[in-house]
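Enquirer: what's the 3D shape of this:
(one chain, ligands or ions: 3)
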Amino acid sequence: MIITTPRFTIIEDGAINKLKDVLKKLNLKNPLVITGKHTKKYCKFPYDIEYYDKILSQTIKKQDYIQYDCIVGVGGGRAIDTGKYLAYKLGVPFISVPTTASNDGIASPIVSIKKPSFMVEAPIAIIADTEIIKKSPKRLLSAGMGDIVSNITAVLDWKLAYKEKGERYSESSAIFSKTIAKELINYVLNSDLSEYTNKLVKALVGSGIAIAIANSSRPASGSEHLFSHALDMLKEKYNLNVNSLHGEQCGVGTIMMSYLHEKENKKLSGLSTKIKESLKKVNAPTTSKELGFDEDIIIEALTIAHKIRNRWTILRDGLNREEAKKLAEETGVI
Ligand SMILES: NC(=O)C1=CN([C@@H]2O[C@H](COP(=O)(O)OP(=O)(O)OC[C@H]3O[C@@H](n4cnc5c(N)ncnc54)[C@H](OP(=O)(O)O)[C@@H]3O)[C@@H](O)[C@H]2O)C=CC1
Ligand SMILES: O=C(CO)COP(=O)(O)O
Ligand SMILES: [Zn+2]
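Expert: Numbering: from 1, shown residues only. Ligands and ions are numbered 1, 2, ... in the order given. This is a model prediction of the structure:
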């Protein structure tokens with residue numbers, strides 16, 4: 001098994017200005033920058049630039065990109081994911097330059113632009129300019145909290161799969177991942193949030209690295225992500241005009257899945273409430289209404305989530321409609 005983790009991680013104000021130095025250190029000379037319409041303004045480099053929409057709308061032909069020795073993704077989750085995907089298709093290194101902190105794709109070895117998601121090499125470098133990230137829409141920074149609290153239920157689910165199904169499990173990756181989430185939750189609940197963005201970026205980078213070390217998204221993706229993936233599926237199926245973000249959906253999923261874990265383990269008592277409070281404190285959605293979904297969609301997503309992929313979680317063989325409704329009601333999601 002080959003595990004790749006980033007060689008350079010820079011998290012600081014003005015970090016984007018170090019892209020040139022990082023490229024030099026990595027002996028990379030001709031990058032192609034992938035970005036989005038809202039984030040192009042940050043690409044003040046003398047390199048070729050393309051929008052991710054264009055990359056996604058065409059079949060990638062290696063010969064069209066032969067002159068580039070690496071890909072740099074500058075932007076939100078989709079820009080980063082598209083850059084990572086292109087780098088994978090071309091077999092060149094990927095450098096991640098997030099302009100916000102909405103999910104752990106900024107550092108993970110996962111591409112989720114194509115469903116189902118799949119593992120690739122982790123970014124060779126992460127350049128997170130906190131000056132830019134702090135100015136990004138507040139909603140994206142709230143969503144990031146949802147992707148971090150997910151680690152709590154993801155790890156509980158992973159351990160459950162180990163106990164009930166004998167799945168391969170790594171205690172060190174699990175502890176790393178859940179500690180990242182616990183620390184951020186405690187910080188959020190007990191502070192004035194003045195350092196929130198910095199801590200969030202570090203947590204998301206750590207979460208991506210936990211995935212790389214485990215060589216699986218298990219440390220950061222359990223039943224709460226199954227619920228989020230189910231919502232994405234239903235958005236497509238019913239052509240729903242809902243613009244909820246990945247991290248927002250995962251956060252609401254974590255409230256419900258932690259409640260299910262609590263019911264089986266007294267030691268976890270109060271977990272779901274604590275997670276909900278931490279999401280509220282950063283203004284992340286905690287209800288179907290705030291997410292923008294009708295209650296029926298939330299219930300349907302809960303009933304199909306276990307079928308999304310072959311991953312044993314607290315949902316086990318699935319919830320029926322009645323159980324799903326009860327769960328969403330008892331956690332205040334509907
Ligand atoms: N690989 C992985 O492990 C994971 C990957 N993902 C990926 O992430 C995507 C979701 O990412 P998410 O960030 O939530 O959503 P988007 O990438 O859709 O970004 C949301 C919006 O924020 C804008 N934006 C980003 N940064 C700034 C900024 N600094 N200033 C102003 N606007 C900004 C984007 O601009 P613009 O329109 O220019 O892009 C976009 O319009 C998923 O679709 C998936 O592809 C999600 C989870 C995990
Ligand atoms: O979003 C992710 C981790 O936060 C990726 O996980 P998946 O394996 O569920 O796509
Ligand atoms: Zn996620």
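Enquirer: from Glu264, how far off is the closest residue to Ile304 other than its chain neighbours?
Expert: Nearest non-adjacent residue to Ile304, counting by CB to CB, 6 or more residues apart in numbering: Ala230, 5.1 Å away. To be clear about C-beta, it is placed using only N, CA and C from the backbone, and glycine gets the same treatment. From Ala230 across to Glu264, the span is 22 Å (CB to CB, to the nearest Å).
Enquirer: okay, these two: which has more neighbours?
Expert: Ala230 (23 against 10; other CB atoms under 10 Å).
Enquirer: that one and Ile298 touch, don't they?
Expert: No: using CB atoms under 8 Å, Ala230 is not in contact with Ile298, being 9.6 Å away.
Enquirer: what parts of the stretch 151-300 of the chain come near ligand 1?
Expert: Contact residues (CB under 6 Å from any ligand atom) of the stretch 151-300 of the chain with ligand 1: 245-247.
Enquirer: got those as JSON lines, with neighbour count, secondary structure and pLDDT columns?
Expert: Shown next, in JSON lines, are those (neighbours: other CB atoms under 10 Å; DSSP: H, G, I helix; E, B strand; the rest coil; pLDDT from 0 to 100):
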{"residue": "Leu245", "neighbour count": "23", "secondary structure": "coil", "pLDDT": "98"}
{"residue": "His246", "neighbour count": "24", "secondary structure": "helix", "pLDDT": "98"}
{"residue": "Gly247", "neighbour count": "28", "secondary structure": "helix", "pLDDT": "98"}
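Enquirer: columns distance to ligand 3 on top of these, output as a markdown table?
Expert: Shown next, in a markdown table, are those (distance: CB to the ion, whole Å):
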| residue | distance to ligand 3 |
| --- | --- |
| Leu245 | 10 |
| His246 | 6 |
| Gly247 | 7 |
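Enquirer: in JSON lines: these, plus distance to Gly77.
Expert: Output for those, formatted as JSON lines (distance: CB to CB, whole Å):
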{"residue": "Leu245", "distance to Gly77": "8"}
{"residue": "His246", "distance to Gly77": "6"}
{"residue": "Gly247", "distance to Gly77": "8"}
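Enquirer: and for Pro116, the neighbour number?
Expert: Other residues close to Pro116 by other CB under 10 Å number 8.
Enquirer: Asp232 too?
Expert: 16.
Enquirer: what sits against it?
Expert: Counting by CB atoms under 8 Å, 6 or more residues apart in numbering, Asp232 makes contact with 115, 249.
Enquirer: next one: it relative to ligand 2, how far apart?
Expert: 10 Å (CB to the nearest ligand atom, to the nearest Å).
Enquirer: helix, strand, or coil at that residue?
Expert: When classified by DSSP: H, G, I helix; E, B strand; the rest coil, Asp232 comes out as helix.
Enquirer: state the mean pLDDT of the longest helix along the chain.
Expert: Under DSSP state H, the helix in the chain containing the largest number of residues is helix 138-165. Mean pLDDT, helix 138-165: 98.
Enquirer: packing partners for it?
Expert: helix 171-189, helix 196-214, helix 223-237, helix 246-264, helix 271-281 (3 or more CB pairs under 8 Å, 6 or more residues apart in numbering; DSSP states H and E).
Enquirer: okay, buried residues for that helix please.
Expert: 139-162 (16 or more other CB atoms under 10 Å).
Enquirer: just these that are near ligand 2?
Expert: Near ligand 2, by the rule CB under 6 Å from any ligand atom, you find Asp147 out of the buried residues of helix 138-165.
Enquirer: rewinding a little: residue contacts, the residue nearest to Ile304?
Expert: Applying CB under 8 Å, 6+ apart to Ala230 gives the contacts 300-302, 304-305, 308.
Enquirer: if you set the cut-off to 6 Å instead, what comes out?
Expert: Shown in contact with Ala230 (CB atoms under 6 Å, 6 or more residues apart in numbering): 301, 304-305, 308.
Enquirer: likewise Ser217?
Expert: Ser217 neighbours (CB under 6 Å, 6+ apart): 110, 211.
Enquirer: where's it relative to Leu315, distance?
Expert: Relative to Leu315, and taking CB to CB, Ser217 is found at 16 Å.
Enquirer: and Thr9, by the same measure?
Expert: 34 Å.
Enquirer: next: Leu302.
Expert: Per CB to CB, Leu302 is found 8 Å from Leu315.
Enquirer: which one's more surrounded, the two?
Expert: Using other CB under 10 Å as the criterion, Leu302 and Leu315 rank with Leu302 on top: 28 against 25.
Enquirer: nearest to Lys199 among the residues of the stretch 151-300 of the chain next to ligand 1?
Expert: Gly247 (15.2 Å; CB to CB).
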